[in-house]
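**Student:** coords below, sequence missing:
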């Protein structure tokens, strides 16, 4: 089997596969890269995970995920920042263990409003403060923190960073190699300002990762699981992918899907289906593909 | 009973009440104003509805709703625009029938992507085009079209206008008395740019109506019904209400709640609960309330 050389399988797409299975089915599908999640990595231990990744021959694209630092000062905030530092170190280790072309990117989901709070503005300021505390550690480790704006339906309980423009405003205080943004089609496709925001992200050197999956309604009861294979919904992958490519982004592109039906499917089948969907819905809009057809 | 003099009950909050019941329970609760929906108005006929409204002594605040004009040119689009013109005329009639201080405001929900389309940009352009066709009719009728940005979770299937800034950009082509925006806390609270957007809306004379209800997670299976009494969720009514008041907005404020549990409750009890919630969560932040406490 083969797959587009820029496709990376985000491990969340095959959530119930352990690390060994995830690496195996990805490599066997002819996919060249993978993004990992902290829980399955820590299940086997970081050193073992790194060795398994090296053995797989796959590139490493992102580590998912850290963040969750919107709480006010106190022990919980300190514990979260400490855990973020651990995640930064894990990212550096895994990026070094992956094949050539791996990227040391740690995805940050900011977190929601603290229990009982209505102060979104304050929570957003605390995101900036947290990244300010983490940036030196990221720089020292050679890791880029990718602030991920999540769809506004998650603004109150999961991620107070809701638009790419807002992520870029936060990142602007830092060097691009330290702090960038995750551009995930599911979370940003609705934004009337998304095309200029992507152009700005490129101009400012902030696209740390480009992730794709689709949006379809009606949403399932758990809206967190409303992500679909590219092409199965309404997202315009042509416009978004071309906008990202136009910035000069030339690295791997992850497919990250949270979907109970897809999670219940056989991981090898899911990776094959993902590769096919990526080939149909995303690959034709990559810069290389356009050059070929030109 | 009494209620804040600026509270208006949007009829959707007591969806299962017919027009007579809605008017009666609103007036009996000491509420001075009401926003109506087209279906219950047309159930009794416009002339009868207007007479009933006059008899109630209530102010009329908005007519809900028209719009749904994102489809490409063709018979369906023509039918939609014709229906919007009827809704404009209904609005003028009802505003004239309401008590002094009534406002002739028609709320527009733009509509989602046409079936099978992924072209959000095109759908958004067709919203602008539709409003361009309707504006002369609105001007002639003395009606203000209120473009309502809906929460981005509805961007694909219900309303391609997703932010207040986007609504203002569309409105900018028209006179403020013809085209404004609906500012509904539920739909816009998450927006990192909302406070400057509200200030801009005020500066440009575009706040056609201010509507309040709350946001709480987890969302119910039908996310359309995830609206709550002010104070029952996480929205910062202090910040948003003060921002709206700071623009000089001094008209009625609607509470519009879609919620299956609230709809199942007794309409009189719902209006009483709404008045109490408004008094607790919103009224303290009105300009008059601040003047009193100063």
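**Tutor:** Thanks, I have it. Please read these numbers as outputs of a predicted model, since none were measured by experiment.

**Student:** thought residue A:102 was touching residue A:95?
**Tutor:** Yes: using CB atoms under 8 Å, residue A:102 is in contact with residue A:95, at 4.8 Å. No exception for glycine: its C-beta is placed from N, CA and C like everyone else's.

**Student:** shared neighbours, these two?
**Tutor:** residue A:60 (CB atoms under 8 Å, 6 or more residues apart in numbering or on different chains).

**Student:** write out the residues of chain A neighbouring chain B.
**Tutor:** A:113, A:117-121, A:124, A:151-153, A:155-157, A:162-163, A:165-166, A:169, A:189-193, A:215-219, A:221-223, A:233-236, A:239 (CB under 8 Å from any CB of the partner chain).

**Student:** so which of those sit within helices?
**Tutor:** A:120, A:121, A:124, A:165, A:166, A:169, A:239 (DSSP state H).

**Student:** could you flag which of the residues you listed are buried?
**Tutor:** When these are checked for burial by 16 or more other CB atoms under 10 Å in any protein chain shown, the buried set is A:120, A:124, A:165, A:166, A:169, A:239.

**Student:** in CSV, list those residues along with pLDDT and distance to residue B:75.
**Tutor:** Formatted as CSV, those follow (pLDDT from 0 to 100; distance: CB to CB, whole Å):
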residue, pLDDT, distance to residue B:75
A:120, 97, 44
A:124, 98, 47
A:165, 98, 39
A:166, 98, 42
A:169, 98, 45
A:239, 98, 28
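
**Student:** show me which pair in the ones in helices among the residues of chain A next to chain B is furthest apart.
**Tutor:** A:121 and A:239 (31.7 Å; CB to CB).

**Student:** before we move on, the earlier item: closest to residue A:83 among the buried ones among the ones in helices among the residues of chain A next to chain B?
**Tutor:** residue A:124 (20.5 Å).

**Student:** wait, the closest one touches residue A:160, no?
**Tutor:** Yes: Residue A:124 is in contact with residue A:160 according to CB under 8 Å; the separation is 5.2 Å.

**Student:** now the common contact residues for those two.
**Tutor:** The contact lists of residue A:124 and residue A:160 share residue A:110, where a contact means CB under 8 Å, 6+ apart.

**Student:** if we ignore the residues flanking it in sequence, what's nearest residue A:273?
**Tutor:** residue A:229 (6.3 Å; CB to CB, 6 or more residues apart in numbering or on different chains).

**Student:** now the strands for chain A?
**Tutor:** Counting by DSSP state E, chain A has strands at residues A:7-10, A:33-37, A:59-67, A:105-109, A:144-147, A:179-184, A:207-212, A:214-215, A:227-228, A:253-255.

**Student:** go ahead and confirm the residue nearest to residue A:273 touches residue A:214.
**Tutor:** Yes: when contacts are counted by CB under 8 Å, residue A:229 is listed as touching residue A:214 (6.3 Å).

**Student:** residue contacts, the residue nearest to residue A:273?
**Tutor:** So residue A:229 contacts A:213, A:214, A:255, A:257, A:262, A:273, A:274, A:277, A:281 (CB under 8 Å, 6+ apart).

**Student:** distance check, it against chain B.
**Tutor:** Distance, residue A:229 to chain B, by CB to the nearest CB, to the nearest Å: 14 Å.

**Student:** again with residue A:8
**Tutor:** Residue A:8 is 23 Å from chain B, by CB to the nearest CB.

**Student:** look at that residue and report its pLDDT.
**Tutor:** pLDDT, residue A:8: 98.

**Student:** what does residue A:2 give?
**Tutor:** For residue A:2, the model assigns a pLDDT of 81.

**Student:** swap in residue A:290?
**Tutor:** pLDDT, residue A:290: 48.

**Student:** can you redo the ones in helices among the residues of chain A next to chain B as TSV with distance to residue A:41?
**Tutor:** Supplementary listing: those in TSV, determined by distance: CB to CB, whole Å:
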residue	distance to residue A:41
A:120	32
A:121	35
A:124	29
A:165	32
A:166	29
A:169	31
A:239	34
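
**Student:** and which of the residues you listed is nearest residue A:69?
**Tutor:** residue A:124 (11.6 Å).

**Student:** and that closest one, what is it in contact with?
**Tutor:** Counting by CB under 8 Å, 6+ apart, residue A:124 has contacts A:110, A:160, A:161, A:166, B:192.

**Student:** just to check, residue A:189 is in contact with residue A:213?
**Tutor:** No: taking contacts as CB under 8 Å, residue A:189 lies outside contact range of residue A:213: 10.2 Å.

**Student:** and those two? which has more neighbours close in?
**Tutor:** The neighbour count for residue A:189 versus residue A:213, taken as other CB atoms under 10 Å in any protein chain shown, is higher for residue A:213 (30 against 23).

**Student:** now the more buried one: how far from residue A:82?
**Tutor:** 31 Å (CB to CB, to the nearest Å).
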